[in-house]
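Asks: sequence first, predicted coordinates after that:
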Amino acid sequence: MKMMMQLISSALIVMLMSCNAIKNPRLTDNFNDGWKFHLGDTVNPQSSDFKDQSWRMLNLPHDWSIEGAFDKQSKAEFGGGYLNGGIGWYRKTFILDKNIYHGKDIFIDFDGVYCNSEVWINGHYLGKRPNGYISFQYDLTPFIKLGTKNVIAVRVDNSHQPNSRWYSGSGIYRNVWLEAVSPEHFDHWGFR
C-alpha cells in the first residue's frame, strides 16, 4: 500500500510539473520598486487622480522612523528607540500587461507593515490591518484595470506611542509582492 501511494504521489508531481511547463499558473513579482512616500496625513491620497509629484520616490522596504532624529521627548520612549512614529502614506502607480495578466486572479501580499495599515486600489478600500508583524494579502482582481494605470495607496498609522516593548519602526518595512494566479489555484495558506 505504501509503495502504491508513493507511485501515485510521484505521478501527481510529474503531472503538476508538466502542467506548469505548459502554462505557469502562478506569477509572483517583487513589488518593492517605484513607490512614492509622504510623511504626515493628507487629504484623499487614495484617489487615483491625486497629485503626488512632490512625494519622495523610494524603494521598499522602508522605515521612516529611523530616518528621523533621536528625541528624548519622543512618546515612543526608550523601548521605541526615542524615535517618533506618526502617519505616513505610500503610493505606487503601475500598469499590468493584458497579455500576461488576462484571466488571472491578482493579489497583493505585504510581508509586514507597521502598523494600522489601510490599503486602497484605484480608490477602492481593501481593508485595515491593525497588527504590524503579520503578513497579509488583498485580492485586487475586482478593481484592477489591465493595460492602463492602477494606483495602490497605503496609509500607515504608528502615531499611538508607546505601542511595543522594542523598536518597531514605521512603514512598509518588509517586502511587497504582486501575485497572479489562474482562477483554479491553491489559496494563500490553504485551498480554494
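Replies: Structure received.
Asks: quick one: the strands in the chain?
Replies: When assigned using DSSP state E, the strands of the chain occupy the ranges 26-30, 35-39, 56-58, 86-95, 105-110, 117-121, 124-129, 136-139, 149-158, 176-181.
Asks: just want the most central residue of the protein.
Replies: Among the residues of the chain, the one closest to the centroid is F110, at 3.0 Å (Cα atoms, centre = their mean).
Asks: hmm, back to that, to A76, which of the strands of the chain lies closest?
Replies: Proximity to A76, assessed across the strands of the chain by Cβ to Cβ, is greatest for strand 149-158 (8.9 Å). Placement of C-beta: from N, CA and C, glycine included.
Asks: how far off centre is stretch 135-147?
Replies: Here stretch 135-147 is found 11 Å from its chain centre; the criterion is Cα atoms, centre = their mean, to the nearest Å.
Asks: that one: end-to-end distance?
Replies: End-to-end distance of stretch 135-147 (Cα to Cα, to the nearest Å): 28 Å.
Asks: low-confidence ranges, this protein, go.
Replies: Low-confidence regions of the chain, defined here as pLDDT under 70, cover residues 1, 3-24, 184-192.
Asks: and for N116, the neighbour number?
Replies: Per other Cβ atoms under 10 Å, the neighbour tally for N116 reads 19.
Asks: touching, it and N163? I think so.
Replies: No - the pair N116 and N163 does not pass the contact test of Cβ atoms under 8 Å, sitting 9.2 Å apart.
Asks: sweet, I'm off.
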